[in-house]
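Novice: Quick one: sequence plus predicted model below, questions after.
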Amino acid sequence: MDIVMFLAPFSLGLGLIALGAFWWTLRAGQYQDPAGDAARILIDEPDDRPVS
């Protein structure tokens, strides 16, 4: 029974951390252009290639 008293708040805390991380990515605009991100991998000459 002691382990349940430890694991229940611990799992709730981890869930809240994960929810906070997801909310942070939403507010940062990580999911704004999924179609563009999927098509960008097919481009042979990307514009953001480092200058050598």
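Specialist: Yep, that arrived.
Novice: CA atoms for contacts and neighbours, from now on please.
Specialist: Noted.
Novice: Restricting to C-alpha, output the helix or strand of the chain with the lowest mean pLDDT in PDB.
Specialist: Ranked by mean pLDDT, DSSP states H and E, the helix or strand of the chain with the weakest confidence is helix 34-40, at a mean of 74. Written as PDB, here are the backbone C-alpha positions of helix 34-40 (Å, rounded to 0.1, in the frame of the first residue of the first chain):
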ATOM      1  CA  PRO A  34       2.600  19.800 -41.100                       C
ATOM      2  CA  ALA A  35       2.000  19.600 -44.800                       C
ATOM      3  CA  GLY A  36       5.000  21.900 -45.500                       C
ATOM      4  CA  ASP A  37       7.200  19.900 -43.200                       C
ATOM      5  CA  ALA A  38       6.200  16.600 -44.900                       C
ATOM      6  CA  ALA A  39       7.000  18.100 -48.400                       C
ATOM      7  CA  ARG A  40      10.300  19.700 -47.400                       C
END
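Novice: so Gln30, which of the three states?
Specialist: coil (DSSP: H, G, I helix; E, B strand; the rest coil).
Novice: Phi, psi for it please.
Specialist: Note on Gln30: its backbone torsions stand at phi -70, psi -20 [degrees, to the nearest 10].
Novice: Understood, closing this out.
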